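Enquirer: dropping the sequence and predicted coords here.
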Amino acid sequence: MKHDRVHFGADYNPEQWSPEVWREDIRLMREAGVTIVTFGVFSWGLVEPEPGVYDFGWLDEVMDLLGDAGIEVSLATGTASPPAWLSRLHPETLPVTRDGVRLSPGSRQHYCPSSPVYREAAVNLAVQLAKRYGGHPALAIWHVGNEYGCHIQECYCEVSAADFRTWLRERYGDLDALNAAWSTTFWSQRVADWADVLPPRATPTLRNPAQDLDYRRFSSDALLACYRAEREVLQQLTPDVPITTNIMGMWEPVADYASWAADFDVVALDIYPEPKDPGAHIDAAFFHDQMRSLGGGRPYLMMETATSAISYRPPNRPKRDGLNRLWSHQAVARGADAVMYFQWRASAGGAEKFHSAIVSHGGADNRIFREVAGLGAELAALSGIAGSRVRADVAIVHDYANWWALELDARPGELKVPERVRAHYAPLWRENVTVDVVTPEADLSAYKLVVVPNLYLCTDAAADNLRGYVEGGGHLLMSFFSGIVDECDRIRLGGYPGAFRELLGLQVEEFWPLSEGESVGLTSGGSADLWADHVVPEGAEVLAAYTGGPLAGSPAITRHAFGLGTATYLGTRPDETAMRELVRDALRLAEVEPVLQGVPDGVEAVRRGTHLFLLNYGDRPVSVAGVELAPHDVVVLAGS
Ligand code: GLA
Ligand code: GLA
């Protein structure tokens, strides 16, 4: 891939169109400033119409057309949607749900991630493509599979069960260790034979939480193994071509992306912010920060987003004038070196025909195409930004095992991870402070402030890491229900929060989740709801107490000087204003400066390399640092 520009392009599915249309496509791509397309994503059925029989004719032609036009190709291995014959000849490759239903072909991603038959067939196809196109001048990057786990995150078939046992043997060695990890003395769940170890299928009541948790880990690894199997052969056959797969920026813990990151030569993000959601840009900022952080700060690709309406969230509201431009610039501001859309030309048939594209059903003489072409020209002029970095003084801790664990059944209160992350991230965004998204075991030494939303599950290594960070002079802001269990969902005994009691200088004697609609006052101002910890300080200073409710008079928010740093603890969920005040206070304490002072509400300021991006999400014109911004406008200042 050329790294001398911000790439611009789309998913290209020429197999849905005639060769005359391909020529028109190339002409329009040049007009729109397209530099790259990702191509062949759902082509398995056409490329390999029968097992081992290949038809590359149309692919050859399109590769050449793109190459001649100077458009780079992110070539998909096409393995996300198996051909009809695979399901017919090998029905055991079809995934099975928790309830024991074997799914049918007829949509996409209908494969069991553990299936050796699927994996072998997928690898065979990848090998054929690498042999044929490995030396093609248009080939820039491999796009393996597509959105692993988008529809099928877990399969509960017998093949998966056997694969799970193998995975567990590697993790635990023997059954004694497994029984201990899964707390199987509870409810007579002890297993004495590996044959009795099963996936967490449908059960009469609450399932074993450690088994559930391990199944999520195993399933993430099974998907990763599919990706790695293809990656391995591509690395052998085309060692100079980078390899990636597109992962999803959305509020679903599909797979433990942090454990996948080392296998991406470049991180690729698919993101579909909802035009109807007034806070969509804040969530999007979080996912962009996460992608940049997954790559260790290296630029990533925004491989898919929508030019306008998204087809699976009715009513499908289009993006108003300027919104696509604004959101696309946000990606570049936060570290993306590519803006790409699903898809180039809106499909005439099939399940997603009402999804917006660059070329609409009515052609290219319309608002969407004109806006996209305008953006293409703008990004071409921004080529100097490619490769440059975004710096962050603050990190937010985000962990998939914790996410899975927090959403298991029968917790003391219902915590939704998306809401919890947003509650901590949004006030930082509003203060125009740039944030990295890190795992609890990451090196934190570069950060002035580390924010930890509800880290219920943590490993000993994570607990030591956070402790060491504060001891060394770091400032930590941590929310309730953290440090409660180990990686097997076993309580850390001896007083909550077992992992952080000393660091926080307190004990939580009991959890008092609040009922829906119930809120309590805080002596620091404002109110709180959802949850109230009964905090007993053991050295921590009390910043605020509850003024009402079951714990009136007892501490709600504390701060503990520990080593050279401080650890601030929120035993409850403060309202938005109170939370913003707390975050401001933590930023002051840690001496974190915003990207720019005096930025009005609804405006985002981000610095990437020597460029300053000012993005106005509001409906009103604003003036920032002497620059006038129309509603939904973005201004990029170079050399600032
Ligand atoms: C029932 C069961 C117990 C326990 C409790 C609490 O009474 O008999 O084993 O599960 O509910 O849930
Ligand atoms: C995902 C897929 C695309 C398409 C889009 C739009 O991102 O990767 O193939 O289905 O969603 O729905």
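Expert: In hand now; what should we look at? Numbering: from 1, shown residues only. Ligands and ions are numbered 1, 2, ... in the order given.
Enquirer: in the chain, which helix is the longest?
Expert: helix 209-237 (DSSP state H).
Enquirer: tell me what it is packed against?
Expert: Helices and strands touching helix 209-237, as assessed by 3 or more CB pairs under 8 Å, 6 or more residues apart in numbering; DSSP states H and E, comprise helix 116-133, helix 158-172, strand 243-244, helix 257-260, helix 400-406. Quick note: C-beta positions are derived from backbone N, CA and C, even for glycine.
Enquirer: mind putting the ones you listed into JSON lines with mean neighbour count?
Expert: Shown next, in JSON lines, are these (neighbours: other CB atoms under 10 Å):
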{"stretch": "helix 116-133", "mean neighbour count": "19"}
{"stretch": "helix 158-172", "mean neighbour count": "17"}
{"stretch": "strand 243-244", "mean neighbour count": "22"}
{"stretch": "helix 257-260", "mean neighbour count": "19"}
{"stretch": "helix 400-406", "mean neighbour count": "23"}
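Enquirer: want to throw these into JSON lines with mean pLDDT and distance to residue 633?
Expert: Formatted as JSON lines, the helices and strands packed on helix 209-237 follow (pLDDT from 0 to 100; distance: least, CB to CB, whole Å):
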{"stretch": "helix 116-133", "mean pLDDT": "98", "distance to residue 633": "41"}
{"stretch": "helix 158-172", "mean pLDDT": "98", "distance to residue 633": "50"}
{"stretch": "strand 243-244", "mean pLDDT": "98", "distance to residue 633": "32"}
{"stretch": "helix 257-260", "mean pLDDT": "97", "distance to residue 633": "32"}
{"stretch": "helix 400-406", "mean pLDDT": "98", "distance to residue 633": "35"}
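Enquirer: Throw these into TSV and include distance to residue 499, thanks.
Expert: Output for the helices and strands packed on helix 209-237, formatted as TSV (distance: least, CB to CB, whole Å):
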stretch	distance to residue 499
helix 116-133	38
helix 158-172	21
strand 243-244	35
helix 257-260	19
helix 400-406	12
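Enquirer: right, so of the ones you listed, which gets closest to residue 355?
Expert: Taking CB to CB, strand 243-244 is the member of the helices and strands packed on helix 209-237 nearest to residue 355, at 22.5 Å.
Enquirer: please see if that closest one touches ligand 2.
Expert: No: Strand 243-244 lies apart from ligand 2 when judged by CB under 6 Å from any ligand atom; the minimum separation is 13.3 Å.
Enquirer: for that strand, packing partners?
Expert: Counting by 3+ CB pairs under 8 Å, 6+ apart, the packing neighbours recorded for strand 243-244 are strand 139-143, helix 209-237.
Enquirer: relative to the whole chain's centre, how far out is the first one?
Expert: What that stands for is strand 139-143. Computed by CA atoms, centre = their mean, to the nearest Å, the separation of strand 139-143 from the middle of its chain amounts to 22 Å.
Enquirer: hmm, who's touching that strand?
Expert: Applying CB atoms under 8 Å, 6 or more residues apart in numbering, the external contacts of strand 139-143 come out as 1-2, 36, 38, 41, 63, 72-77, 130, 133, 234, 238, 241-246, 265-266, 268, 303.
Enquirer: of these, grab the buried ones for ChimeraX.
Expert: Provided next is the ChimeraX selection string for whichever of these are buried by 16 or more other CB atoms under 10 Å:
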select :1,36,38,41,63,72,73,74,75,76,77,130,133,234,238,241,243,244,245,246,265,266,268,303
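Enquirer: any idea how far the residue nearest to residue 457 when sequence neighbours are not counted lies from residue 544?
Expert: Closest residue to residue 457 apart from its sequence neighbours, by CB to CB, 6 or more residues apart in numbering: residue 405 at 4.1 Å. Distance of residue 405 to residue 544, given as CB to CB, to the nearest Å: 28 Å.
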